[in-house]
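# Below is the sequence, then the predicted model.
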Amino acid sequence: MKRTKTLKKIHKHFLKKNRDAARAQGFYDGRFSEKVIPDKKKKANAEACRKNKGRKKSEEDEG
């Protein structure tokens, strides 16, 4: 039992040390946030689908 508690304390100590170092470097102020790149093909497909939604069929499609 004692060994497990000691290992947990050591592990927590390393986590705290790592977090403090990250905070000193500015990790939590938003500069290191992941950047989301929009998918241009998906966006174009969605816009095209919305534009063609209410159109009537042409004469070729009906005949």
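Nice, thanks for sending it over.

# from here on, contacts and neighbour counts on C-alpha atoms
Will do.

# Run a quick neighbour tally on residue 20.
Residue 20: 13 surrounding residues under other CA atoms under 10 Å.

# ok, then the element right after the helix or strand where it lies?
Using DSSP states H and E, residue 20 maps to helix 2-25. Next along the chain after helix 2-25, taking DSSP H and E as the criterion, comes helix 40-51.

# so what pLDDT did residue 60 get?
As predicted, residue 60 sits at a pLDDT of 51.

# for residue 50, that is, sorry about that
Confidence at residue 50, expressed as pLDDT, is 85.

# Repeat that for residue 23.
Residue 23 carries a pLDDT score of 89 in this model.

# From residue 44, how far out is it?
Shown here: residue 23 relative to residue 44, a distance of 40 Å by CA to CA, to the nearest Å.

# re the thing from before, how far does the helix holding residue 20 sit from the chain's center?
Relative to the chain's own centre, helix 2-25 is displaced by 27 Å; criterion: CA atoms, centre = their mean, to the nearest Å.

# Now it - C-alpha only, CSV.
Output of helix 2-25 as CSV, limited to C-alpha atoms (Å, rounded to 0.1, in the frame of the first residue of the first chain):
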residue,chain,number,x,y,z
LYS,A,2,2.7,2.5,0.9
ARG,A,3,4.6,2.0,-2.3
THR,A,4,1.5,2.8,-4.4
LYS,A,5,0.9,6.1,-2.5
THR,A,6,4.5,7.1,-2.8
LEU,A,7,4.5,6.5,-6.5
LYS,A,8,1.3,8.5,-6.9
LYS,A,9,2.9,11.4,-5.0
ILE,A,10,5.9,11.3,-7.2
HIS,A,11,3.8,11.2,-10.3
LYS,A,12,1.7,14.1,-9.1
HIS,A,13,4.9,16.0,-8.4
PHE,A,14,6.2,15.5,-11.9
LEU,A,15,2.8,16.5,-13.4
LYS,A,16,2.8,19.7,-11.3
LYS,A,17,6.4,20.5,-12.3
ASN,A,18,5.5,20.0,-16.0
ARG,A,19,2.4,22.2,-15.7
ASP,A,20,4.4,25.0,-14.0
ALA,A,21,6.9,24.9,-16.8
ALA,A,22,4.2,25.0,-19.4
ARG,A,23,2.5,27.9,-17.6
ALA,A,24,5.8,29.8,-17.5
GLN,A,25,6.2,29.4,-21.3
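
# Good, wrapping up.
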